[in-house]
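# how would this look folded up:
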Amino acid sequence: MTIKLEQKKKSNRRICLGKNRRETLAGVFVFIGMCFLIVTLILWGISELAEENFIISEMIGAYSSASMCLCFGLVFIGLIIGTRNWLARIFCLFIAAVMLTTSYSFMESSILLYKDKEAFENKQYEKLVAIPIGVEFDDPDYGTQFLMELEFNDLAIDVYSLNISRSYYQANLSGKPLEIAYLPNSHFAVSMKEYLGETGE
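Below is the predicted model:
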């Protein structure tokens, strides 16, 4: 009887230690995620201060977005480790995968912007005249919607930094040939206007 009680105590102790380790590891991931949240806020502030330098501002802004996605990705990894519910684990795994993939995408954008630094300084832009075949707008909780991206046959151009509202685009540019100057690697637009043929006006 005494042996059985001792075995049961040892078994309970192992379960308890395993649970504590899992919770500790989950807490570490959540803590690191919160650290990235602080980094995000710092980078966002720097990008706002560097607004006059287009490339630096957009690069730091991309790093800020990557840091935010990494924050959520790590928090959800912590939740995967901390929970025993398999349905919750699958849901958290899906969200973590999306966040980490998006973070990588923002990091890649920042690297491409760095490659465009010299081209931007020397005004060596790529030029395109075409009618977009696809348009994407942002989706704010409130306030003005802005144009995010224009799609062409084999090219997508990021126009978010031009601050073109949905109402202005639909009233003045929608369905018309557009003349766009953009950076060669990142495909960020630096200017856009309606193309009026040889008059240029």
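# Tell me where the protein has helices.
Residue ranges of the helices in the chain, as given by DSSP state H, are 2-49, 54-82, 86-115, 117-121, 166-172.
# So what touches the last one?
What it means is helix 166-172. 135, 137, 144-147, 194 (Cβ atoms under 8 Å, 6 or more residues apart in numbering). Just so you know, the C-beta spots here come from the backbone N, C-alpha and C atoms, and that holds for glycine as well.
# make it 6 Å
With contact meaning Cβ atoms under 6 Å, 6 or more residues apart in numbering, helix 166-172 is reached by 137, 145, 147.
# With just CA atoms, put stretch 184-193 into PDB.
Output in PDB follows, covering the C-alpha atoms of stretch 184-193 (Å, rounded to 0.1, in the frame of the first residue of the first chain):
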ATOM      1  CA  PRO A 184      12.800  48.800 -59.600                       C
ATOM      2  CA  ASN A 185      13.200  46.300 -56.700                       C
ATOM      3  CA  SER A 186      10.500  47.000 -54.200                       C
ATOM      4  CA  HIS A 187       7.900  48.200 -56.700                       C
ATOM      5  CA  PHE A 188       7.000  51.100 -54.500                       C
ATOM      6  CA  ALA A 189       5.400  54.000 -56.500                       C
ATOM      7  CA  VAL A 190       7.000  57.400 -56.200                       C
ATOM      8  CA  SER A 191       4.500  59.200 -58.400                       C
ATOM      9  CA  MET A 192       1.200  58.500 -60.300                       C
ATOM     10  CA  LYS A 193      -1.000  60.500 -62.600                       C
END
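# Just the buried positions in that stretch, please.
Residues of stretch 184-193 classed as buried under the neighbour-count rule (16 or more other Cβ atoms under 10 Å) are 185-190, 192.
# And stretch 127-143, by the same measure?
128, 132, 135, 137.
# Going by distance to residue 96, which of those wins?
Relative to residue 96, the closest of those is residue 137; by Cβ to Cβ it sits at 27.2 Å.
# which residues does that closest one contact?
145, 147-148, 166.
# Ok, residue 163 next?
Counting by Cβ under 6 Å, 6+ apart, residue 163 has no contacts.
# Roughly how far does it sit from residue 150?
Distance, residue 163 to residue 150, using Cβ to Cβ, to the nearest Å: 14 Å.
# Looking at the helices of the chain, which is nearest to residue 156?
helix 86-115 (11.9 Å).
# Show me what that closest one is packed up against.
helix 54-82 (3 or more Cβ pairs under 6 Å, 6 or more residues apart in numbering; DSSP states H and E).
# For this protein, give me the ranges with low pLDDT.
1-19, 198-201 (pLDDT under 70).
# about what we covered before: among the helices of the chain, which is the most enclosed?
Across the helices of the chain, averaging neighbours per residue (mean count of other Cβ atoms under 10 Å) puts helix 54-82 on top, at a mean of 21.
# how far out from the middle of the chain is that helix?
The chain centroid and the centroid of helix 54-82 are separated by 7 Å under Cα atoms, centre = their mean, to the nearest Å.
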